[in-house]
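# this one's structure only:
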C-alpha cells in the first residue's frame, strides 16, 4: 500500500477502536490530576499522600506494561487490549466510590494495571495493521487523540468538580471504554500476535516489580532512614534485573535492542527524559492555579488546555512529516522548545499574568507535539515486524517510567519543602519553592536529551537485525 491509497475498512475500524481508547485514558488521567486539591480536602490527605494518587496509578502501569506486552505477543494483542479496556472501566467504578484514601489508592493501582495492558498494545496494533509508508501518519493521528483527551480532561474536570464533585472525574473514561468494546466486537476482525511464543521470564518480572516499587516508595519518603534503605534495595534490584535480562533466553525487557539498535535505544531514552521533564506539568499547574492563584477549578481547567491543545494540533503534522523528514530533526527541535517553555514556567509567581502562563504552556505543548510522534515513528520503524509487540511495550514502559519519575520528582520536592503536612495558606511559600525546584530539574533533564536525540542516527537506514 502506498501513502496515497485510502485506508481499508479494517484499518479504519482499528484506528477508531484505538482512537477511542487513546482519547479516553488520558482524559481520565488529566481529570484525576486536576481534582487532586479536592481529593486532598475530601479525604484529608497530606501533601506527600496527595502525590501518591497519580503515583499509585503510574507505578502499577509501569510494573505491568512489560508483562502485558509479552502476553499480548503470545496470546493476541487485541485480546489483551480489550481485557485492559474492560478492567479499566470496572476499576474506575471502584475509584469513584472509594470511601477513604487507602481505598482510592487501591483503586488507582488497579486502574494502572489495566492501563498497562492498554498501553502495551495500542501502538503495536496500529503498527501491525499499517505498512511503513502509512505508519507515521497513523501513529501521529493516534497520538493526537491522546492529546485531545489531555486537552478536554482539565476543562471537563473543572466543570465536574464544580457541578458534581471529584468522584465524577473518576468516571469520565467509562462511556468511551464501552464504545471501544462495541467497535472491537462489531468491526475489528482478526488478531495479531508474534510468530513464535516466548516464555514470560517470571524471575525478571519479579525483580523488576520489587526494584520499581522500592525506588519509588523510598524516594517519595526521603530523607527518612528507612526510605534510604528502600532506595538502596531498588538500586540493587535494578542491577540484578540488568544481569538477569542479559542471560535469559526470552527476557521480559530485551536489552539487546538497546545495545545493538542505536536508533531504538537513543529514541527510547530520549522519550524517558522528555516524559520525566514534562509529565508532571499538569499537576504542577493545577496546584499553582488552585492553591497559589486561588482560581476556581472550572477556569483553571480552561487555562490548562493550552498545552495539550498545542500538542494535539501539532502531533498529526509532525507524524506525517516524520515519514519524509528525519525524525531526529523534528524531535530535537521539539525538545528545544520544551526547554524554553519550562524556563518560563519556573519563573512564575502568584503575581504572574495568566497570559504569561498560557504562552509558556503553549510553547511547551508545541515542542512536545513536535517530539512525540516523530520519536515514536523512529522507534517503531527501527525494528522488524516480529518485534512490534516487544518494541511497543518498551516504548510504553519508557513513557510510564518517565511519567513515574516526573511525579517522583514532585514527591521528593514536596517531601523536602513541605513535609508530611497538609497544604495550607501558611505553607504556600514552601509550595511555590517546591514547584520551582521541580521545573528547574525538568530543564536540567531536557538539555542533554536534545543532544541525545540529535545523535540517534537515521531511521531511513536499513534496520538492525535483532533477536
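Done, it's in. What you see is a predicted model, and the numbers here were worked out from it, not measured in a lab.

# Tell me which helix or strand comes right after the longest helix seen in the chain.
When the chain is parsed with DSSP state H, its longest helix is helix 132-163. Using DSSP states H and E, the next helix or strand after helix 132-163 towards the C-terminus is helix 166-169.

# What is that following helix packed up against?
helix 9-34, helix 36-43, helix 132-163 (3 or more CB pairs under 8 Å, 6 or more residues apart in numbering; DSSP states H and E). Where C-beta positions appear, they are placed from N, C-alpha and C, glycine not excepted.

# average pLDDT across stretch 92-101?
Mean pLDDT, computed over stretch 92-101, is 92.

# Can you give the contact residues for that stretch?
Residues from elsewhere that reach stretch 92-101, judged by CB atoms under 8 Å, 6 or more residues apart in numbering: 28, 43-45, 49, 103-104, 106-108, 110-111, 167-168, 170-171, 173-174, 177.

# Also stretch 287-297?
Residues contacting stretch 287-297 (CB under 8 Å, 6+ apart): 34-38, 157-158, 161-162, 300, 303-304, 348, 350, 423, 428, 431-432, 435.

# Filter the residues you listed down to the buried ones, ChimeraX style.
This is how ChimeraX selects the buried members of these, with burial counted by 16 or more other CB atoms under 10 Å:
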select :34,35,36,37,38,157,158,161,300,303,304,348,423,431,432,435
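
# what about the longest helix of the chain, average pLDDT?
Per-residue pLDDT values over helix 132-163 give a mean of 80.

# Which elements pack onto that helix?
Short answer (3+ CB pairs under 8 Å, 6+ apart): helix 132-163 packs on helix 9-34, helix 122-129, helix 166-169, helix 281-287, helix 297-304, helix 306-321, helix 354-381.

# List the contacts of the third one.
By CB under 8 Å, 6+ apart, the list of residues contacting helix 166-169 from outside reads 28, 31-32, 34-35, 38-39, 42, 96-97, 157, 160-161.

# List the buried residues for the longest helix of the chain?
Using 16+ other CB under 10 Å as the test for burial, helix 132-163 gives 134-158, 160-161.

# sorry, back to before: of the helices and strands packed on helix 132-163, which is nearest residue 220?
Nearest to residue 220 among the helices and strands packed on helix 132-163 is helix 281-287; the distance by CB to CB comes to 13.8 Å.

# which other residues reach stretch 236-255?
Contacts to stretch 236-255, defined as CB under 8 Å, 6+ apart, come from residues 66-67, 70, 198-201, 203-205, 207-208, 210-211, 214-215, 390, 394, 397, 466-467.

# Off-centre distance for stretch 178-191?
24 Å (CA atoms, centre = their mean, to the nearest Å).

# and what of stretch 190-207?
Taking CA atoms, centre = their mean, one finds stretch 190-207 lying 22 Å from the centre of the chain it belongs to.

# begin at 32 from here
Taking 32 as the first residue, the last one we looked at is stretch 221-238.

# Mind checking which of the contacts of stretch 267-286 are buried?
Using 16+ other CB under 10 Å as the burial test, the contacts of stretch 267-286 include 97-98, 101, 229, 232, 235-236, 238-239, 241-242, 245-246, 421, 425, 428, 497 as buried.

# Inside helices: which ones of the residues you listed?
Among the buried ones among the contacts of stretch 267-286, DSSP H puts 97-98, 101, 235-236, 238-239, 241-242, 245-246, 421, 425, 428 in helices.

# what's the lowest-pLDDT member of those residues?
Lowest confidence among those: residue 421, with 64.

# same for the helix or strand of the chain with the lowest mean pLDDT, what does it pack against?
Ranked by mean pLDDT, DSSP states H and E, the weakest helix or strand in the chain is helix 287-291, scoring a mean of 75. Applying 3+ CB pairs under 8 Å, 6+ apart, we find helix 287-291 packed against helix 293-309, helix 419-448.

# Please name the nearest non-neighbouring residue to residue 411.
residue 158 (5.0 Å; CB to CB, 6 or more residues apart in numbering).

# and that neighbour, how many residues sit next to it?
Residue 158 sits with 27 neighbouring residues when counted by other CB atoms under 10 Å.

# can you check residue 134 too?
Residue 134 - counted by other CB under 10 Å - has 14 other residues nearby.

# And it, how far from residue 128?
Distance, residue 134 to residue 128, using CB to CB, to the nearest Å: 8 Å.

# for the stretch 182-331 of the chain, what are the low-confidence residue spans?
224-227, 229 (pLDDT under 70).

# one more time with 80
Applying pLDDT under 80 to the stretch 182-331 of the chain picks out residues 182, 221, 223-232, 250-255, 280-281, 283-294, 296.

# cool, and the stretch 32-181 of the chain?
32-42, 78-79, 154-155, 158-159, 161-172, 174-175, 178, 181.

# 50 - rerun?
Scanning the stretch 32-181 of the chain for pLDDT under 50 picks out the ranges 32-35.

# quick one: contacts for residue 450?
Here residue 450 is in contact with 78-79 (CB under 8 Å, 6+ apart).

# host element of it?
Assigned by DSSP H and E, residue 450 belongs to neither a helix nor a strand.

# re the thing from before, just the contacts of helix 197-200 now: which is nearest residue 150?
For those, the residue nearest residue 150 by CB to CB is residue 59; the value is 12.9 Å.

# and the closest one, how far is that from residue 69?
Distance from residue 59 to residue 69, by CB to CB: 16 Å.

# mind putting the helices and strands packed on helix 197-200 in JSON lines, distance to residue 279 included?
As requested, those are exported to JSON lines (distance: least, CB to CB, whole Å):
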{"stretch": "helix 40-65", "distance to residue 279": "31"}
{"stretch": "helix 67-74", "distance to residue 279": "40"}
{"stretch": "helix 163-194", "distance to residue 279": "30"}
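
# Go through these and name the closest to residue 302.
Closest among these, using CB to CB: helix 163-194, at 11.8 Å.

# Just the angle for that closest one relative to helix 385-412, thanks.
140 degrees (axes from the mean of the first three to the mean of the last three CA atoms, to 10 degrees).

# Just tell me which of the helices and strands packed on helix 287-291 ends up closest to residue 47.
Across the helices and strands packed on helix 287-291, closest to residue 47 is helix 419-448 (CB to CB), at 19.0 Å.
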